[in-house]
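Participant: what follows is a protein structure lacking sequence information:
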DNA sequence: CTGATGACGGTGC
DNA sequence: GGCACCGCCATCA
């Protein structure tokens, strides 16, 4: 344990994203804070490079508005919403996920501490 | 080394 | 609610 210092930033991001349970979502900014305040863009970059072999639930990371972020070509990946709906996540008419209802605020906080992550709540969620 | 890029976020209008 | 900027920072050419 505690080998996070030998993990690359992306490996730390992947390890964390794998902790998000089905039916819940985290934001890029939230993940960024958890791994130690790296830029949210790095999280997005990491998600665009997810190794298939590691089976990372990349679909559970959305932007701060609770929306699926568009790719560089200006379009969403249609697989993302499909996968999230399969996990019983409901989208509003305008295509947004309610972060207060579905946002992940780290029920497994002990695990995060042991692995060197910091706490971070989804936008709009208070203690 | 330097500059460009990007699955972001916050602010301001 | 939407849109335009600007700051961000690891990677990459």
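Facilitator: That came through fine. Quick caveat, the model's predicted, so the values are computed rather than measured.

Participant: now for residue A:10: which residues touch it?
Facilitator: The contact partners of residue A:10, by CB atoms under 8 Å, 6 or more residues apart in numbering, come to A:46, A:49. (Each C-beta comes from the backbone N, C-alpha and C, glycine too.)

Participant: helix or strand for it, which one?
Facilitator: Following DSSP states H and E, the helix or strand that holds residue A:10 is helix A:9-17.

Participant: one more: residue A:44?
Facilitator: Counting by DSSP H and E, the element that carries residue A:44 is helix A:40-47.

Participant: name the residues that touch whichever helix or strand comes after that helix?
Facilitator: Later in the chain than helix A:40-47, the nearest helix or strand by DSSP H and E is strand A:61-62. In this structure, residues lying in contact with strand A:61-62 by CB under 8 Å, 6+ apart are A:17, A:20, A:25, A:26, A:27, A:28, A:31, A:43, A:47, A:68, A:69, A:97.
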